[in-house]
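Engineer: sharing a model that was predicted from the sequence below.
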Amino acid sequence: MLEWFCPHAIAYISHAVSNEMDAVKEALRGTLDSVTPQFLLTWDLSTTIQDKVALKALILQHILCCAAQTEHAIERNKIKDSSTACNVIITQLASQCSHHSIFLTVPFTLFVWTNGASKQTIEALYKCGLCISFTSLLTLLEKLAAHCVEHARQVARQPHMMCYDNINISTSRFVEQCSDAPAKVQSGTFAILYEVRNGNRDHMHLSPMLNRALNATALTFNADVRPTLSQMSSFCSQLHIHIIDILLETCSNFKNYERPDVLQHSYRTKQFPLRTSTIDESSITGNITVIHDIIQLRFGLFHLCLNLIWALLHILRGIILNAWRNECGHSSLAAFASSKPTVDKLLQIANTIIIKHAMPAYESSSKKQNVFGMDSERPTDTAQHNLQLLTRDLLYVLELTSATSAGNWGWIEDILRDLAMIFRGAGSNNYCSEILHFLFNLKKIWMPEFACKILLLDIMRDNALINLTGLEGHCMPVDLNIEHHIKFLKVRLDYIISID
């Protein structure tokens, strides 16, 4: 009976599977023009497979699932699921039947390409039915870029903000260039537009701000630069939280300690990268060419943090240099250099500096007990004093980075005045001037509707940081985001140049 029925069953199942594949091909059918940024933003692997593959190829899916797992594995294994792998095989078969079945191969090709897959890898996956060809990929990238630029044009007609930075791209793998060949390095400018959160065109007019600038008075230290009591109290409260967090995160004994819940971020910043231009932004003329009638809201927090760490290193070098002045045995370092000290002498003084300026002084138990008494004087400990100063400054770095990732511009604004004084003391006058310029705009130039809380809306503060994922703790400065983009551009362009 089975021998007689088997050929008929095979013929029936083959016919049914063929009909199912026709339906799958039609569901996955598309062209490169139909793949838009909006399609990619809404595309989901599980939804695509469930709606376009699984429901239209029930018989073929069942056959593949039986081939992928034994009956014993299906009954006992409750974690491993072969349905996704089987459905992907069906899409491979659909791609083999028709090269127009692209609604899975195109997103997967973009995924592997953005993660660094080579041309040979993409071509191999194309032969397997998982990707489109590399030539089609380059065509698709051109079409997607055109869609993105057109969308950016629409955003540029509305309230928006822009961040730009210079980019230097190597155009050749060879060390030496011919005299008539293009320059080995091409300089340009890359820019990103962002939608303004809570933006109001009526509150962003430039002429009222220019009129306020004509009548603005200078900043004064006591009224405008010195931190207020509320700002110092807020910063102190944040330091308490940071110090407790360090205990909870690093001490295993507190791993079960319940922390208070924090509010999650729900806003997701929309970004619109533009095409890279050949304007050299690193020059004054290039900057003037890139921007027209644009207000510079603020400094870049990413570069501010980098320069703050540099300033702290500069302060550390100053501490060490001052220790050399104290321990060299001469009236000045110039006199010490004139004495032409030997290497052994330098090593001896360096060892003295480590002992006296980089190690806490030993104190007896009785002295430690009376160190904070009214009748006793605090011991002179240069190393401890320097360590306290360094700890204080590093807490500013911790507050800056924590507030940035949390997306809380208010915490950053509380310490801006202290940061300005730190930069000035470290000799970083440019960033000190940038902070003071920002405070001048905040207090004297910008309209209250633009930089003050009105109906819980604040254009300046609401757009100080961006969150591209909408997840808690994933905010970043705009200048850090553009550095990520430039790194990706350099890697991808270097690869394209290498295969040409």
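Structural biologist: Good, I have the coordinates.
Engineer: rest of the way, CA atoms for contacts and neighbours
Structural biologist: Noted.
Engineer: secondary structure element holding residue 168?
Structural biologist: strand 160-170 (DSSP states H and E).
Engineer: what packs against the next helix or strand after that strand?
Structural biologist: Beyond strand 160-170 on the C-terminal side, the first helix or strand identified by DSSP H and E is strand 185-195. For strand 185-195, the elements it packs on are helix 134-156, strand 160-170, strand 271-273, helix 478-499, judged by 3 or more Cα pairs under 8 Å, 6 or more residues apart in numbering; DSSP states H and E.
Engineer: strands along the stretch 301-450 of the chain, start to end?
Structural biologist: Residue ranges of strands cannot be listed for the stretch 301-450 of the chain, since DSSP state E, counting those that start in this stretch assigns none.
Engineer: how about the helices in it?
Structural biologist: In order along the chain, the stretch 301-450 of the chain carries the following helices (DSSP state H, counting those that start in this stretch): 301-327, 333-338, 343-357, 365-369, 382-406, 409-426, 429-440, 448-451.
Engineer: angle of the longest one against helix 429-440?
Structural biologist: What separates the directions of helix 301-327 and helix 429-440 is an angle of 130 degrees, with axes from the mean of the first three to the mean of the last three Cα atoms, to 10 degrees.
Engineer: what are the buried residues along helix 301-327?
Structural biologist: Of the residues in helix 301-327, those scored as buried under the neighbour-count criterion (16 or more other Cα atoms under 10 Å) are 301-302, 304-305, 307-308, 311-312, 314-316, 320, 323-325.
Engineer: give me the number of residues near residue 202?
Structural biologist: Counted with other Cα atoms under 10 Å, the burial measure for residue 202 works out to 10 neighbours.
Engineer: can you check residue 215 too?
Structural biologist: For residue 215, which is what you asked about, the neighbour count (other Cα under 10 Å) is 10.
Engineer: strands paired with the strand holding residue 168, and their directions?
Structural biologist: Strand 160-170 pairs in its sheet with strand 185-195 (antiparallel), by DSSP bridges.
Engineer: name the next helix or strand following the strand it pairs with along the chain.
Structural biologist: Reading on from strand 185-195 to the C-terminus, the next helix or strand found by DSSP H and E is helix 206-214.
Engineer: state the mean pLDDT of that following helix.
Structural biologist: For helix 206-214, the mean pLDDT works out to 87.
Engineer: next one: stretch 346-366
Structural biologist: 73.
Engineer: state the pLDDT value of the residue nearest to residue 330 when sequence neighbours are not counted.
Structural biologist: Sequence neighbours aside, residue 336 is the residue nearest to residue 330 in space, at 5.7 Å (criterion: Cα to Cα, 6 or more residues apart in numbering). In this prediction, residue 336 carries a pLDDT score of 89.
Engineer: thought residue 336 was touching residue 328?
Structural biologist: Yes - counting by Cα atoms under 8 Å, residue 336 sits close enough to residue 328 to count as a contact (6.6 Å).
Engineer: neighbour count: those two, which is higher?
Structural biologist: Set side by side, residue 336 and residue 328 give different neighbour counts by other Cα under 10 Å, the larger being at residue 328 (20 against 15).
Engineer: list the contacts of the more buried one.
Structural biologist: Residues touching residue 328, when contacts are defined by Cα atoms under 8 Å, 6 or more residues apart in numbering, comprise 336, 349.
Engineer: quick one: it and residue 353, what's the gap?
Structural biologist: Going from residue 328 to residue 353 by Cα to Cα, to the nearest Å gives 10 Å.
Engineer: then residue 210?
Structural biologist: Here the criterion is Cα to Cα. By it, residue 210 lies 55 Å from residue 353.
Engineer: and these two? which has more neighbours close in?
Structural biologist: Residue environment comparison for residue 210 versus residue 353 gives the larger neighbour count to residue 353, 20 against 13, counting by other Cα under 10 Å.
Engineer: chain neighbours aside, what residue packs nearest to that one?
Structural biologist: Excluding the flanking residues, the one nearest residue 353 by Cα to Cα, 6+ apart is residue 323, at 6.4 Å.
Engineer: could you do residue 420 as well?
Structural biologist: Among residues not flanking residue 420 along the chain, residue 432 sits closest, at 4.6 Å (Cα to Cα, 6+ apart).
Engineer: if I look at the one you found, how far off is residue 93?
Structural biologist: Applying Cα to Cα, the value for residue 432 to residue 93 is 63 Å.
Engineer: between these two, who's got more neighbours?
Structural biologist: Taking neighbours as other Cα under 10 Å, residue 432 and residue 93 compare with residue 432 leading, 23 against 18.
Engineer: so where's the stretch 151-300 of the chain uncertain?
Structural biologist: Under the criterion of pLDDT under 70, the regions of the stretch 151-300 of the chain flagged as low confidence span 173-177, 181-182, 253-254, 257-266, 292-297.
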